[in-house]
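S.K.: Whatever this is, show me its structure:
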Amino acid sequence: MADEFDPEKFEDKYVHYFPELQRAYKNAFNQMNERYDSELIHGIDQMVLNESEPTYEDGEFSVELPENPRERLQGVLVDDEKFEATLEEYVDRIETELYRTLGVDAPE
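M.R.: Numbers count the residues shown, from 1 in each chain. Model (predicted):
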């Protein structure tokens, strides 16, 4: 784990925090894969989140998704409502894991 999180270093996150980012995404993946259809979780992971961008701004982590995430999911039969709800929870878990893994207190 990083010694102490530095928001300025996060601007170059893949240089300074790459192992922690990998761990946060992997932890979120494992949690989601235990609770949901693994085909859907793998699809979201490989076709949507592979192009996502974790950001840190104004004391908060967020995950920016690529354009048209639903259209990116190919070969997985799931209705739009289930896809959106699952993706939203997955992103929430990634954000939670970013706080935990990087040792940053989540905002109230």
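S.K.: So, low pLDDT: which residues of this structure?
M.R.: Applying pLDDT under 70 to the chain flags the ranges 1-3.
S.K.: what are the ranges of the strands in it?
M.R.: With strands called from DSSP state E, the chain shows them at 53-57, 60-64.
S.K.: Pull out the CA atoms of the helix ranked longest in the chain and give them to me as CSV.
M.R.: Longest helix in the chain, counting residues (DSSP state H): helix 80-102. The C-alpha coordinates for helix 80-102 follow below in CSV (Å, rounded to 0.1, in the frame of the first residue of the first chain):
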residue,chain,number,x,y,z
ASP,A,80,-31.0,-2.8,-19.6
GLU,A,81,-32.3,-2.3,-16.1
LYS,A,82,-30.2,-5.2,-14.7
PHE,A,83,-27.1,-4.0,-16.6
GLU,A,84,-27.5,-0.4,-15.3
ALA,A,85,-28.1,-1.5,-11.7
THR,A,86,-25.2,-4.0,-11.8
LEU,A,87,-22.8,-1.5,-13.4
GLU,A,88,-23.8,1.2,-10.8
GLU,A,89,-23.1,-1.2,-7.9
TYR,A,90,-19.8,-2.3,-9.5
VAL,A,91,-18.6,1.3,-9.8
ASP,A,92,-19.7,2.0,-6.2
ARG,A,93,-17.6,-0.9,-5.1
ILE,A,94,-14.6,0.2,-7.1
GLU,A,95,-14.9,3.7,-5.5
THR,A,96,-15.2,2.1,-2.0
GLU,A,97,-12.1,0.0,-2.7
LEU,A,98,-10.1,3.0,-3.9
TYR,A,99,-10.7,4.7,-0.6
ARG,A,100,-9.8,1.6,1.4
THR,A,101,-6.8,0.5,-0.7
LEU,A,102,-5.3,4.0,-0.8
